[in-house]
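> requesting a structural model of the entry that follows:
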Amino acid sequence: MKICNRCLYSDLHPLNITFDEEGVCSGCRVHEEKDTINWKSRFEKLKVITDAYRNQSGNNYDCIVPVSGARDSYFIVHTVKNVLGLNPLLVTYNKQYNTDRGIRNLANLRVQFNCDIMTLTVNPDTVKKITRATLRKLGSIYWHCIAGQTVYPVQVAVKFKIPLIIWGAHQGIDQVGMYSHFDEVEMTRKYRKEHDLMGYEAEDLVDDFDSIEEADIVQYAYPHDKEIERIGVRGIYLNNYIRWDSKAQHEKMIGLYGYESAEQTRTFDTYNDVDCFNYSDVHDYIKFLKHGYGKITDHVCREIRLRRLIREEGIVLIKKYAKESPKQLKLFLDWIGMTETGFNFILDQHRNPKIWFRNDNWEWELKNPDPFFSESLSERLIDKVKLERVEDRCEFRISKNKRPDYKDDHYILIGKGWPGN
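Predicted structure coming up:
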């Protein structure tokens, strides 16, 4: 296994990260663009693009903005409405693993920005059926969330003839350097299928074994290319035009609008996924079982590149969090109707054999339990390419809980959110 000499991603990354002659990964190299791009000029280009989509008659929205109860939703809506001056229609796919804080954040978002919002809540029985299928086929409990979050905005765009969809950051740019900022990559069906959906479109799930019929996947089906072309739907990413810094953006939104953060199970980042019981918990643990790494590595690499962590600190954090057991597994198993033994049996089929092996006791072990141990062999090269810290500390805030007496111990399908409390 090869580890990047600057951040801590390995060459076994599922998005096919690459390395140059100095042992620096493609994600780090593309990230260097953030310090050289004229972002003022890029933002002016964004304004030209979005101005062309303003609804002059006032009888429709200017654009669609996909949102959730976390991530970069607040920053995106703030930028679209308060900075660019557009009139967005917010759309959200109900992931059904909702936390109380996430429901409240979403309600507060709608109220703070005074925006219309459309929500898709798929029949829970259908969601469970699809999740059982994707867990078996792909080792994923989150396929339905990603599929819904990426297709529902497109469906709404076609139905209501709103051609512009504004997304936040494209992980192919911001994480692994699959594209340059200068490529100005836009949302495509192809990328969504191959990377976000692990090669499976909704139609691919239909089969007798999982009892999934055509009617079950309608809400996840991508509109036909002719419909896309007829409306002229395009999805742009803000991180092509704005220097993306998730931590700084969240802290601004906490200050301006009262976005709520929360401690997470398997990472130090308290901002990104507070809306979901599973994303930084069961889902991320599955990622570790399949690929040998989790969100902690994603977050450490991000903060190293943004010069808030140094590499040695990142290694300590990865060792602290990477093997952390999920806290919400029983909640998920009760929801889907599965035993822990069955859950583990299924996931064992999806472990990467380049990363995991069975020992003499038939227990799973990492082939390289400490991939950073042998790095002394290349310390000179690491010192040559490492980034210096620019901030004294890399601290993530935990905001005041607006409902401290509420026991948040079950998924909330639909909730009012209690904004302003």
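> from here on, just use CA atoms for contacts and neighbour counts.
Fine.
> ok, which stretches of this structure are strands?
63-66, 88-93, 117-120, 164-167, 234-237, 356-358, 364-366 (DSSP state E).
> to residue 3, which of those strands lies closest?
Closest to residue 3 of these is strand 364-366 (CA to CA; 15.4 Å).
> state the mean pLDDT of that closest one.
For strand 364-366, mean pLDDT rounds to 95.
> list the buried residues in it.
residue 366 (16 or more other CA atoms under 10 Å).
> now swap in stretch 232-252 and tell me
For stretch 232-252, by 16+ other CA under 10 Å, it's 233-244, 246-247, 250-251.
> farthest-separated two in those residues?
Going by CA to CA, the pair spanning these furthest: 233 and 251, at 32.1 Å.
> could you list the low-pLDDT ranges of this structure?
373-380, 418-421 (pLDDT under 70).
> one more time with 90, if that's ok
Within the chain, the ranges that satisfy pLDDT under 90 run 1, 16, 57-59, 69, 368-383, 391-393, 400, 415-421.
> longest helix in it, please.
helix 143-160 (DSSP state H).
> quick one: that helix to strand 88-93, angle?
Angle of helix 143-160 versus strand 88-93, following axes from the mean of the first three to the mean of the last three CA atoms, to 10 degrees, is 140 degrees.
> so what touches helix 143-160?
64-66, 91-95, 120, 127, 130-131, 134, 162-165, 192, 196-197, 202, 219-223, 227-228, 231, 233 (CA atoms under 8 Å, 6 or more residues apart in numbering).
> of those residues, grab the buried ones for ChimeraX.
The ChimeraX command for the buried members of the contacts of helix 143-160 (criterion: 16+ other CA under 10 Å) is given here:
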select :64,65,66,91,92,93,94,95,127,130,131,134,162,163,164,165,192,196,197,202,219,220,221,222,223,228,231,233
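> from the contacts of helix 143-160, which ones fall inside helices?
Per DSSP H, the subset of those in helices is 127, 130, 131, 134, 227, 228, 231.
> let me know how buried the nearest residue to the fifth one once chain neighbours are set aside is, in neighbour terms.
Spelled out, it's residue 227. Nearest residue to residue 227 in three dimensions, chain neighbours excluded: residue 158, at 6.7 Å (CA to CA, 6 or more residues apart in numbering). Per other CA atoms under 10 Å, the neighbour tally for residue 158 reads 20.
> how near is residue 158 to residue 412?
Using CA to CA, to the nearest Å, residue 158 is found at 29 Å from residue 412.
> ok, residue 266 next?
Taking CA to CA, one finds residue 266 at 22 Å from residue 412.
> quick one: residues contacting the nearest residue to residue 10 once chain neighbours are set aside.
Of all residues not flanking residue 10 in the chain, residue 3 sits nearest, at 4.3 Å (CA to CA, 6+ apart). Residues near residue 3 by CA under 8 Å, 6+ apart: 9, 10, 11, 23, 371, 372.
> dump the residues you listed into JSON lines; add neighbour count as well.
JSON lines is the format used below for these (neighbours: other CA atoms under 10 Å):
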{"residue": "9", "neighbour count": "24"}
{"residue": "10", "neighbour count": "20"}
{"residue": "11", "neighbour count": "16"}
{"residue": "23", "neighbour count": "17"}
{"residue": "371", "neighbour count": "15"}
{"residue": "372", "neighbour count": "14"}
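> mind picking the two most distant members of those?
Top of the distance list for the contacts of residue 3 (CA to CA): 23 and 371, 14.8 Å.
> who touches the closest residue to residue 249 other than its chain neighbours in this structure?
Sequence neighbours aside, residue 75 is the residue nearest to residue 249 in space, at 6.3 Å (criterion: CA to CA, 6+ apart). Residue 75 sits next to 249, 250, 253 when contact means CA under 8 Å, 6+ apart.
> any idea how far residue 75 is from residue 67?
10 Å.
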